[in-house]
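Engineer: From the sequence below, what's the structure:
(chains A and B)
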Amino acid sequence: MRGGIVSRWRESLRKTSDLVAARIDRVLLGEARVDESALEDLEDRLIQADVGVRTSAELVEIVRLGVARGEIENGESARRAMVRAVEGLVKGSSSAGAHIDAPLQGPPHVIVFAGVNGVGKTTTIAKVGARYRAQGRRVLLAAGDTFRAGAVDQLAVWAERIGADIVKQGAGADSASVAFDAVQAARARGADVLLVDTAGRLHTKTNLMEEIKKVVRVIGKALPGAPHEVLLVLDATTGQNGLVQAREFHSTIGLTGLVLTKLDGTAKGGIVIQIARDLGLPVRYVGTGEGLDDLEPFDAASYAEALFGGS
Amino acid sequence: MREIRTALLEADVNFHVVKEFTEAAKARAVGQEVLGSLTPGQAVVKIVHEEMVRILGGATVRLALAPNPPTVVMMVGLQGSGKTTTAAKIARQFVADGRRVSLVAADTQRPAAIDQLAVLAGQAGCAFYGTTPGDDPVRVAEEGVRRGSTQLADVVIVDTAGRLQIDEPLMDELGRMRETLRPKEILFVADGMTGQEAVNVARRFDERIGLTGIVLTKMDGDARGGAALSIRAVTGKPIVYIGTGEKLDGIEPFHPERIASRILGMGDVLTLIEKAGQAVSQEEAVALARKIKGDGLTLEDFRDQIRKVRSMGSVSELLGMIPGVSRLAKGMVPDVDDRELAKVTAIVDSMTPAERRNPAILNGSRRARVARGSGTTPADVNRLLKQFGEARKMMKTLTAGRFARRLAGGGR
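Structural biologist: Reported below is the predicted structural model:
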C-alpha cells in the first residue's frame, strides 16, 4: 500500500518536472509573451535553484513591474531583466576588490576559512594556495582542523603538492594555538600568504563557535589587522539553511566573503543570492571540481546567466 | 495550504514534491469533518503531518543482517555528505551489539581518507582494511570483503569516494563495485541541509546503482531536513538513520513522525522527551514537557533540569527541539558553559522554596541576600530572573502553536 503511493508519486513527479522545464525554456528563450503563468514558472525555477521563496518572489516582482510598464515584452527581455537583478544582488555591497588578483596585505596576508562540516574547506585552501603559488607567492598553510581524523594529513598532502609550507600540531591540539604559531612562522619565514584551515562546525554549536572566534581573535593579536579575509565556504547543494549558517558565522567572526563549492554538479547554489541580499556578503570564488585548477574567481554576470541558461 | 507550501519550501522540500504533496493533502482535507477541539487550521496541519509521516515511511526501519555472513554494506554519496563518519558510526553500533565488523577504505581518491577511516575504525573497535592512495577502489573493496569473510566478520562496511551523480566514469565504477561485491545494503548518505538538488542527486544514484536505504546526516544543526521528504519521495527507499554529531555515538534511528514535525516547523518535542528520558525517568520527562508547554515552569524546575542537563546535552540543544526556539535560544538562555550552570544552580539553591515557586516576591533585599548566599552579585541574580521570565514567556507563546495559529487565522 505504502509502496503504491510512493511509486505513483514518483511517476507524477517526473512528469511535472519535465513539463515545467519545457515550459520555462519556451518562455525564457522564445518570443512568447510574458503572462502570469510564465511569471509563475519563473518563480518556480528560482525556488528550484534554492533562491528561496521570499527572494524568488521579489525577483519575479521586478519582472512583473517591468511587464506592467511595458519595458518587458518577451521572454528574452524578461530573462535579461532577471539576470541584471540577480547580478546586482550577488555582487554584494562590499565587493571592493579582494580576490586572488587584488593586492595583498600583510605580509603575511592572512585568510581564515570557516564553514560547516563537509563543504570542502581543506580542498578549497589547497586550490587557493595553488593559485597564489602560481603567482610566485610564498604560501603557508595552518592545519587548524585538529578535530577530524586525517584532516591534518590531508592538508599536509596538499601542502606538498602545491609546494607550500605547513604549520601543524598533534591531533586534538588547540586550533587557536596552531593559528598563533602559524602567524609567527609566517612572519619569521617571510610568507606572503597564510591560509588558515579550521574544523568544520555546525553554526548551532555554541562552544565550537566560541572556539573559532578565539582563533580569529588570536590571529589579530599575533598580527594587528589580521585576518585580512574571513571566508565562509558553502556547499552549492546547501538549501535554505545556508542563510542561517552565513548569518551565524558572520555575527561570530565577521565574514568578508563566501566561497561556493561543488558548482560542477547540478546544484545552482541560489542561496548565495539570499545571503548577498540579506548580509551583503559577496562570493569570492567558486569551486568546480576536485582538481587544484578547479577554482575560479566569482563572476556575478556569468553566474546570473547560468542560473537562467540551460537546465 | 499556501502557508503549508511556503513552510515546506523553506524547509528545503523539493519544489515538485511540495506541489504533489499539497495537492494530495488538499484532496484528503476537503470534505473532512473537523474533529473535536481542533480549529480548521489545526485540522489541516494534522492531515498534512499524517500524510507526511505516511510518505516518510510510517515505521522505523532497522538494518538487517544477511542470512550468510558477512553482511556487506556500501556507503555512497556526494563529496562531504559524511560517508566516512557514518560508516564508522554504523560500525560502532554493530560492535556494540557484539558483532565482528570490518571497515574497508575504498575511497582511494581524497587525500588522507584512508588514514581517517583507519583512525575511526580504531575508535569504533573494529577491524580495518585499506591500501594506498590511488589504488583501484573496486579491487580494494573486493579484497576487503574477502578478508572480512576469512576473518569471520559479521558485517563489512565499504566506504567509497564522494562523487557527483553526473560523473559517468565514477558512477560506472560504483556499478562495477556493486556487481563485484553484491552488497546486502547500499546506503545513500545525504547531507540533511541539502536543498532542492536532493531530488536529482538521489534519483540518479538510485537509477544507476540501486539504493537500499538512506542516511541523513548533520541533523544536529537547525536545518529543517526537508531533503528527507524529497529523497524518500523520488527513491521510495527507507531512511534508516540520521546522523546527529561528529562523534561516533551521533547516530539515531529515523523516526518519521519527528522529522515530519521538524519539516513542518512543529519542533521535535518527542525527541526532547526521549532525550530527557535518558537522564531522568520517563514520568519526570513527560511532566517536564507538560510544564514547558504550560506556564508551570518554576525556578525549582529550572534548577532541577539544569542539574540534569549536563548528562543530556546543552540547554540550547534541548531548547532547539522546541518549536521556533532554536533561533531565539541564544539570547534567552543563560550561557551554557559549566561555570554558568554552577552559578545558576547556586543562585537558585540560595532562595527559599517560596521564592523559587514565586520569583515575583524577590524584592531588593531578598535579592541581595540570595546574591550573598550564592557568592554572586545582585546583578547576576537579576539577570537570571530576567532570563527565566523571558524563557517562561517564550515557552508559553511558542508552545501555543505559532504555526497552527497562523494557519487557523489565515484559513486555507
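
Engineer: switch to C-alpha atoms for all contacts and neighbour counts from now on
Structural biologist: Noted.

Engineer: Who's the closest spatial neighbour of the residue in the stretch 151-300 of chain B that chain A sits nearest to, skipping the chain neighbours?
Structural biologist: For the stretch 151-300 of chain B and chain A, the shortest gap (CA to the nearest CA) falls at residue B:195, measuring 3.4 Å. Excluding the flanking residues, the one nearest residue B:195 by CA to CA, 6 or more residues apart in numbering or on different chains is residue A:239, at 3.4 Å.

Engineer: Contact partners for the residue of the stretch 151-300 of chain B closest to chain A?
Structural biologist: By CA atoms under 8 Å, 6 or more residues apart in numbering or on different chains, the residues touching residue B:195 are A:50, A:237-240, B:12-14, B:226-227.

Engineer: Confirm residue A:202 sits in a strand?
Structural biologist: No. Read with DSSP: H, G, I helix; E, B strand; the rest coil, residue A:202 is coil and lies in no strand.

Engineer: Nearest residue to it in space, please, no chain neighbours.
Structural biologist: Spatial nearest neighbour of residue A:202, excluding adjacent residues (CA to CA, 6+ apart): residue A:116 at 4.9 Å.

Engineer: How many neighbouring residues does the residue nearest to residue B:66 when sequence neighbours are not counted have?
Structural biologist: Leaving aside its sequence neighbours, residue B:66 sits nearest to residue B:184 (CA to CA, 6+ apart; 6.5 Å). Per other CA atoms under 10 Å in any protein chain shown, the neighbour tally for residue B:184 reads 19.

Engineer: Now intersect the contacts of residue B:195 with the helices, please.
Structural biologist: Those of the contacts of residue B:195 mapping onto helices are residue B:227, per DSSP state H.

Engineer: and the contacts of residue B:195, which are buried?
Structural biologist: For the contacts of residue B:195, a neighbour count by 16 or more other CA atoms under 10 Å in any protein chain shown gives the buried set as A:50, A:237-240, B:12-14, B:226-227.

Engineer: Which single one of the residues you listed is nearest to residue A:63?
Structural biologist: Among the buried ones among the contacts of residue B:195, residue A:50 lies closest to residue A:63 (CA to CA), at 19.0 Å.

Engineer: Nearest spatial neighbour of the closest one, chain-adjacent residues omitted?
Structural biologist: Nearest one to residue A:50, counting by CA to CA, 6+ apart, is residue A:270 at 4.7 Å.

Engineer: ok, the one you found - contacts?
Structural biologist: Residue A:270 makes contact with A:46, A:49-52, A:236, according to CA under 8 Å, 6+ apart.

Engineer: The chain: strands as residue ranges?
Structural biologist: Here I'm looking at chain A. A:109-114, A:139-142, A:165-167, A:193-196, A:229-235, A:257-261, A:283-287, A:295-297 (DSSP state E).

Engineer: To clarify, I was referring to chain B.
Structural biologist: B:71-76, B:101-106, B:127-129, B:155-160, B:185-191, B:213-217, B:239-243, B:251-253.

Engineer: Deepest-packed of those strands, please.
Structural biologist: Comparing those by mean neighbour count (mean count of other CA atoms under 10 Å in any protein chain shown), strand B:101-106 comes out on top with a mean of 30.

Engineer: Can that one be said to contact chain A?
Structural biologist: No. Strand B:101-106 lies apart from chain A when judged by CA under 8 Å from any CA of the partner chain; the minimum separation is 13.0 Å.

Engineer: Check which helices and strands that strand sits against.
Structural biologist: helix B:83-96, helix B:113-124, strand B:127-129, helix B:137-150, strand B:155-160 (3 or more CA pairs under 8 Å, 6 or more residues apart in numbering or on different chains; DSSP states H and E).

Engineer: Name the residues of the fourth one that are buried.
Structural biologist: Of the residues in helix B:137-150, those with enough neighbours to count as buried (16+ other CA under 10 Å) are B:137-138, B:140-149.

Engineer: and that helix, what other elements does it pack with?
Structural biologist: Secondary-structure packing of helix B:137-150 (3+ CA pairs under 8 Å, 6+ apart): strand B:101-106, strand B:155-160, helix B:168-181.

Engineer: Pull the distance from it to the chain's centre.
Structural biologist: With CA atoms, centre = their mean, to the nearest Å as the basis, helix B:137-150 stands 32 Å off its chain's centre.

Engineer: Show the average pLDDT along it.
Structural biologist: Mean pLDDT, computed over helix B:137-150, is 94.

Engineer: residues making contact with that helix?
Structural biologist: B:69-70, B:72, B:101-102, B:104-108, B:129-131, B:155-156, B:158, B:160, B:173-174, B:176-177, B:180-181.

Engineer: Enumerate the residues of the stretch 151-300 of chain A near chain B.
Structural biologist: Counting by CA under 8 Å from any CA, the residues of the stretch 151-300 of chain A close to chain B are A:151, A:153-155, A:157-158, A:202-205, A:207, A:237-242, A:265-267.

Engineer: buried subset of those residues?
Structural biologist: A:151, A:153-155, A:157-158, A:202-204, A:237-242, A:265-267.

Engineer: Can I get the buried ones among the contacts of residue B:195 in JSON lines including pLDDT?
Structural biologist: Listed next are the buried ones among the contacts of residue B:195 as JSON lines, based on pLDDT from 0 to 100:
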{"residue": "A:50", "pLDDT": "91"}
{"residue": "A:237", "pLDDT": "92"}
{"residue": "A:238", "pLDDT": "94"}
{"residue": "A:239", "pLDDT": "92"}
{"residue": "A:240", "pLDDT": "92"}
{"residue": "B:12", "pLDDT": "92"}
{"residue": "B:13", "pLDDT": "92"}
{"residue": "B:14", "pLDDT": "91"}
{"residue": "B:226", "pLDDT": "90"}
{"residue": "B:227", "pLDDT": "92"}
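
Engineer: rewinding a little: tell me the one among the buried residues of helix B:137-150 nearest to residue B:112.
Structural biologist: residue B:137 (14.7 Å).

Engineer: what's the distance between the closest one and residue B:247?
Structural biologist: Noted for residue B:137: a distance of 26 Å to residue B:247, by CA to CA, to the nearest Å.

Engineer: Check residue B:191 too.
Structural biologist: Here the criterion is CA to CA. By it, residue B:191 lies 16 Å from residue B:247.
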